[in-house]
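In: Need a 3D model of the sequence below.
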Amino acid sequence: MNDMWAEPIFDKFGMTQWFWRVTHKENFSLGKKVEIGTFTVIDATHSVSIEDNVKVGWNCTIMSNSTIDGKKGKIILKEGCKIGANSVIFPNVTIGKNAIVGANSLVNCDIPEHEIWTGSPAKKLK
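Out: Just a heads-up that it's a prediction; the model follows:
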């Protein structure tokens with residue numbers, strides 16, 4: 001674990017010092033020792049909760065509100081889960097404790113704890 005972890009600092013647009021962004025920050029909760037990659041965008045319109053020790057790769061989209069299909073709902077990333085770079089998490093999804101989402105995946109359903117999912121749409125790998 002990295003003992004040098006620091007809380008993000010948000011500017012008035014929701015951008016952090018590491019160049020990831022949160023919209024509707026009032027509906028966003030962040031655990032400790034979380035790593036979020038550069039260029040990730042988190043839309044917390046309907047709540048996003050990221051628990052301790054989660055890792056999110058570069059350029060991910062985490063959206064609790066979809067203007068394309070009208071879906072909306074809370075997103076929960078449980079403790080220790082990992083989201084690969086360039087992945088998209090749709091509204092109303094929970095990623096279970098220590099689950100892994102492969103890079104370039106599109107997640108439109110809940111993923112149980114300790115499972116590995118990948119693809120578009122994401123499916124269980126093992």
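In: show me where pLDDT drops low in this protein?
Out: Flagging of the chain using pLDDT under 70 yields the residue ranges 1-2, 126.
In: who does the residue nearest to the spatial centre of it bridge with?
Out: Most central in the chain under Cα atoms, centre = their mean is residue 62, positioned 5.0 Å from the mean C-alpha point. Beta-bridge partners recorded for residue 62 (DSSP bridges): residue 42, residue 89.
In: cool, and residue 30?
Out: residue 50.
In: ok, now which ones touch residue 81?
Out: Taking Cβ atoms under 8 Å, 6 or more residues apart in numbering, we find residue 81 in contact with 54, 55, 95, 96, 97, 98, 99, 100, 101, 111. All C-beta spots, glycine's among them, are computed from the backbone N, C-alpha and C.
In: just checking, the first one touches residue 80?
Out: It refers to residue 54. Yes - Residue 54 lies in contact with residue 80 (Cβ atoms under 8 Å); the separation is 6.8 Å.
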